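K.L.:
Got a predicted structure here, sequence first:
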Amino acid sequence: MAKIKSPKTQSFPISSQVFDTLVIGGGITGATTLWDTTLRGLKTLLVEKNDFASGTTQATSKLIHGGLRYLRNAEFGLVRESLRERRILAKISPHALRTLGFIIPVYSNSEKWVTNIGLTAYDYFSYDRNRDISSDSWIPKYRSLSPEEVVMEAPSLPRKGLKGGFLYYDYQNMNPERHTCDFIFSAEKKGGTALNYTELVAISLQGEVYQAILKDKRSNKTYPVFAKTVVNAAGPWADFVESLAGVGMDKVLVRSKGIHVVTRALSVSKAIVLKKRDKTHMFVLPWRGKTIIGTTDTVFSDSPDKFKVTRSDIQGLLEEINYAFGYSDLTESDVDFYYGGMRPLVEDPGEKSDTYNTSRKTEILDHKEKGLPGFFTGLGGKYTTSRHLAEKITDKLCEYLPGKFLPCETDQVPLSSGEFSDHSSLVKGLTKKYPKLSGEYLESLSARYGSLSYEVLKYQKANDESVTLNNGEKFSIAEIRYIAAEEKIEKGTDFFFRRSGVGVPGAPSSESLHKIVEELGKSLGWNPARKKAETLEILSRYHF
């Protein structure tokens with residue numbers, strides 16, 4: 001491997017340290033691994049070449065779920081794992097999740113019979129769903145619906161042949177990008193280190209430690225860091241990291257392209273599970289006063305760096321929803337935002353790619369036999385099970401590293417934003433400390449930030465205004481100041497689409513957009529040219 005000349009290490013203090021582990025990738029797998037390793041006492045560094053949660057993690061259906069459809073493939077272990085992890089996430093980050101009802105319409109007696117059996121099993125596997133969590137997050141049992149009840153919930157559904165339906169429950173993750181960052185920033189408060197816009201450009205084993213050459217994308221300077229172990233959590237880029245290390249993958253990494261659109265609010269108060277023409281499923285999800293429609297599931301064979309959502313992708317999804325949901329007038333003009341990403345799915349060599357039916361099970365590859373002891377790659381899985389994948393990865397790190405480490409506690413210890421018993425008590429505490437602030441404002445803060453609301457309110461000033469978002473929500477100047485000061489914002493898009501989520505329901509008005517960028521500019525020291533450039537980059541995310 002060619003040597004890369006490094007600058008003087010005193011410019012980069014972390015170059016003089018030897019970390020217990022280096023985590024490559026700042027999505028949900030990397031974030032939960034940083035959290036777990038840090039709690040167990042490992043000295044950990046996480047690096048992400050773009051912004052945290054900017055890859056696969058920002059492209060989910062915003063659900064924390066057990067995977068009802070995996071029962072069809074008899075993946076009972078995966079379903080049980082997912083349902084257990086669903087409860088744990090509700091326990092350690094209760095503000096981030098909302099209980100959401102899902103309606104499955106059925107059009108044949110056989111479909112009704114099979115769905116009833118599946119939901120009975122789903123409830124059985126989630127027998128402990130409400131254990132040790134606040135009643136705010138309780139999940140009820142499923143129940144059957146008459147045809148009339150289905151129509152009341154979703155008037156646009158085709159009624160011909162409708163036999164009734166079922167109502168079951170999972171969680172909606174209101175802002176998975178912020179939730180991911182919650183893991184990262186919680187770990188940093190416990191001693192972990194995380195760097196965004198920092199790219200791995202080379203890695204090699206030097207004696208008993210790994211030398212990684214990192215590139216700071218802000219300054220374009222490179223520098224070395226050293227670690228005893230490495231975790232490749234790069235998701236769709238995992239095979240590129242393997243190639244940097246000089247090893248091939250034993251498994252086949254298949255990238256599945258999934259897209260979603262955010263539209264005007266359709267007439268649904270609960271999620272609707274629909275079948276597309278190819279018999280795969282799609283969701284119609286109420287979310288923050290809008291509707292999310294998704295997802296697609298097709299093989300993406302190009303370089304992951306070339307991924308993008310095309311107009312034809314969006315048109316195809318709109319055609320499907322118009323077909324399945326009885327609409328004929330949902331058009332591109334109804335699309336307020338769109339997003340997409342690549343799921344990293346794992347197959348054995350020779351398997352035929354079918355991204356919809358490929359298992360979401362996890363794989364941990366140990367590269368010891370290829371001359372890289374202590375180098376692990378975490379693959380597959382899904383957002384809901386990421387905490388458990390991190391636990392298994394960290395177990396392997398602790399087995400490899402000398403010394404004693406603490407047992408896993410991530411199923412018990414709340415994130416720094418989740419340190420409260422229930423939502424009502426949190427709001428009462430905030431009201432007691434800030435009696436002059438409106439109850440509505442404190443309610444919205446507690447829903448967004450949980451126990452970090454107290455930290456946000458340290459940035460509150462007298463006579464602060466708020467801005468109105470595309471969906472009518474109010475967002476305060478104090479929130480902007482807090483995020484800009486505390487949460488590693490480099491670009492306007494980091495703030496709009498990952499930390500705050502202010503841009504995801506749709507483009508804010510020009511007045512609101514200007515106010516937000518001006519406040520960000522004050523906090524981050526942007527000159528007029530930089531503010532203009534950031535504004536244009538934000539607006540470009542609404543074009544297709």
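P.N.:
Received the coordinates, thanks. Numbering: from 1, shown residues only.
K.L.:
So F337 is in contact with P508, correct?
P.N.:
No. If you go by CB atoms under 8 Å, F337 and P508 don't touch, sitting 11.2 Å apart. Where you see a C-beta, it was placed from the backbone N, CA and C, and this is true even at glycine.
K.L.:
How about the secondary structure of the residue lying closest to R98 once chain neighbours are set aside?
P.N.:
Distance criterion CB to CB, 6 or more residues apart in numbering; nearest residue to R98, sequence neighbours excluded, is Q172 at 4.8 Å. Look at Q172: counting by DSSP: H, G, I helix; E, B strand; the rest coil, its state is strand.
K.L.:
In the stretch 1-150 of the chain, what residue spans correspond to strands?
P.N.:
18-24, 44-47, 63-64, 97-106, 143-145 (DSSP state E, counting those that start in this stretch).
K.L.:
Is the closest residue in space to A245 that isn't next to it in sequence bridged to anything, and to what?
P.N.:
Counting by CB to CB, 6+ apart, I203 is the residue found nearest to A245 once chain neighbours are left out, at 5.2 Å. Note on I203: beta-bridge partners by DSSP bridges are A212.
K.L.:
per-residue pLDDT, I203?
P.N.:
At I203, the model reports a pLDDT of 97.
K.L.:
From what I see, it and L214 are in contact.
P.N.:
No. Using CB under 8 Å, I203 makes no contact with L214, being 9.5 Å away.
K.L.:
Look at those two and report which has more neighbours.
P.N.:
L214 (27 against 24; other CB atoms under 10 Å).
K.L.:
where does stretch 536-544 sit relative to the chain's centre, distance-wise?
P.N.:
21 Å (CA atoms, centre = their mean, to the nearest Å).
K.L.:
Same check on stretch 104-112?
P.N.:
Distance, centroid of stretch 104-112 to centroid of chain: 32 Å (CA atoms, centre = their mean).
K.L.:
ok, and what's touching that stretch?
P.N.:
The contact list for stretch 104-112 (CB atoms under 8 Å, 6 or more residues apart in numbering) reads 115, 150, 154, 157, 161-166, 168, 272-274.
K.L.:
Tell me, how many residues neighbour S416?
P.N.:
Neighbours around S416, by other CB under 10 Å: 20.
K.L.:
Might you report the residue contacts of it?
P.N.:
Contacts of S416 by CB under 8 Å, 6+ apart are 182, 185-186, 189, 451-452.
K.L.:
got it, and T331?
P.N.:
L318.
K.L.:
Please report how far it lies from N232.
P.N.:
42 Å (CB to CB, to the nearest Å).
K.L.:
Same question for Y142.
P.N.:
39 Å.
K.L.:
Those two: which is more packed in?
P.N.:
Shown here are Y142 and N232; by other CB under 10 Å, N232 has more neighbours (31 against 21).
K.L.:
Please determine how far the more buried one is located from T57.
P.N.:
Distance from N232 to T57, by CB to CB: 16 Å.
K.L.:
now S186
P.N.:
16 Å.
K.L.:
Also R343?
P.N.:
11 Å.
K.L.:
try T410
P.N.:
The spacing between T410 and T57, counted by CB to CB, is 17 Å.
K.L.:
Q206 now?
P.N.:
For Q206 relative to T57 (CB to CB), the value is 32 Å.
K.L.:
E440 too?
P.N.:
With CB to CB as the criterion, E440 and T57 are 30 Å apart.
K.L.:
Could you do V299 as well?
P.N.:
The value you get for V299 to T57, if CB to CB is used, is 20 Å.
K.L.:
out of those two, which sits in the busier spot?
P.N.:
T57 (25 against 14).
K.L.:
List the strands paired with the helix or strand of the chain with the lowest mean pLDDT, with their directions.
P.N.:
The weakest-scoring helix or strand in the chain, judged by mean pLDDT, DSSP states H and E, is strand 298-299 (a mean of 84). When pairs are called by DSSP bridges, strand 298-299 turns out to pair with strand 252-263 (antiparallel).
K.L.:
quick one: contacts for R530?
P.N.:
Counted by CB under 8 Å, 6+ apart, R530 has contacts G521.
K.L.:
did I read that right, it in a strand?
P.N.:
No. Counting by three-state DSSP, R530 is not part of a strand but helix.
K.L.:
Distance of it relative to R499?
P.N.:
From R530 to R499 the distance is 18 Å (CB to CB).
K.L.:
now swap in R343 and tell me
P.N.:
For R343 relative to R499 (CB to CB), the value is 23 Å.
K.L.:
again, but for S15
P.N.:
S15 is 28 Å from R499, by CB to CB.
K.L.:
Comparing the two, which residue is more hemmed in?
P.N.:
Using other CB under 10 Å as the criterion, S15 and R499 rank with R499 on top: 25 against 16.
K.L.:
was I right about the more buried one contacting G492?
P.N.:
No. The pair R499 and G492 fails to qualify as a contact (CB under 8 Å) at a distance of 10.8 Å.
K.L.:
pLDDT score for S267?
P.N.:
74.
K.L.:
Now do L42 against V309, distance only.
P.N.:
Taking CB to CB, one finds L42 at 37 Å from V309.
K.L.:
With neighbour numbers in mind, choose between these two.
P.N.:
Applying other CB under 10 Å to L42 and V309 shows that L42 carries more neighbours, namely 24 against 20.
K.L.:
The more buried one against P402, yeah?
P.N.:
No. Between L42 and P402 there is no contact under CB under 8 Å: 11.9 Å.
K.L.:
Backbone dihedrals for W526, please?
P.N.:
Phi and psi for W526, reported as degrees, to the nearest 10, are phi -80, psi 140.
K.L.:
and it, how many neighbours?
P.N.:
17.
K.L.:
Let me see the confidence value for it.
P.N.:
98.
K.L.:
Tell me how far it lies from E518.
P.N.:
Separation of W526 from E518 (CB to CB): 9 Å.
K.L.:
ok, now which ones touch S61?
P.N.:
Counting by CB under 8 Å, 6+ apart, the residues that S61 touches are 260, 283, 285, 292, 294-295.
K.L.:
in the stretch 151-300 of the chain, which spans are helices?
P.N.:
Here the stretch 151-300 of the chain has its helices, by DSSP state H, counting those that start in this stretch, at 176-189, 238-245.
K.L.:
between these, which gets the lowest average pLDDT?
P.N.:
The bottom spot among the helices of the stretch 151-300 of the chain, by mean pLDDT, belongs to helix 238-245, with a mean of 92.
K.L.:
and Y454, helix, strand or coil?
P.N.:
helix.
K.L.:
show me the contacts for it.
P.N.:
430, 433 are the contacts of Y454 under CB under 8 Å, 6+ apart.
K.L.:
Can you give me the pLDDT of it?
P.N.:
pLDDT at Y454 comes out at 98.
K.L.:
Look up how far I14 lies from it.
P.N.:
Y454 is 30 Å from I14, by CB to CB.
K.L.:
what's the answer for G503, then?
P.N.:
32 Å.
K.L.:
Comparing these two, which residue is more hemmed in?
P.N.:
The neighbour count for G503 versus I14, taken as other CB under 10 Å, is higher for G503 (23 against 16).
K.L.:
That one contacts R541, correct?
P.N.:
Yes. If you go by CB under 8 Å, G503 and R541 touch, sitting 7.0 Å apart.
K.L.:
which neighbours do those two share?
P.N.:
By CB under 8 Å, 6+ apart, the residues touching both G503 and R541 are 337, 496-497.
K.L.:
Is there a quick PyMOL command that grabs whichever of those residues are buried?
P.N.:
Filtering these down to the buried ones (16 or more other CB atoms under 10 Å) takes a single PyMOL command:
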select buried, resi 337+496+497
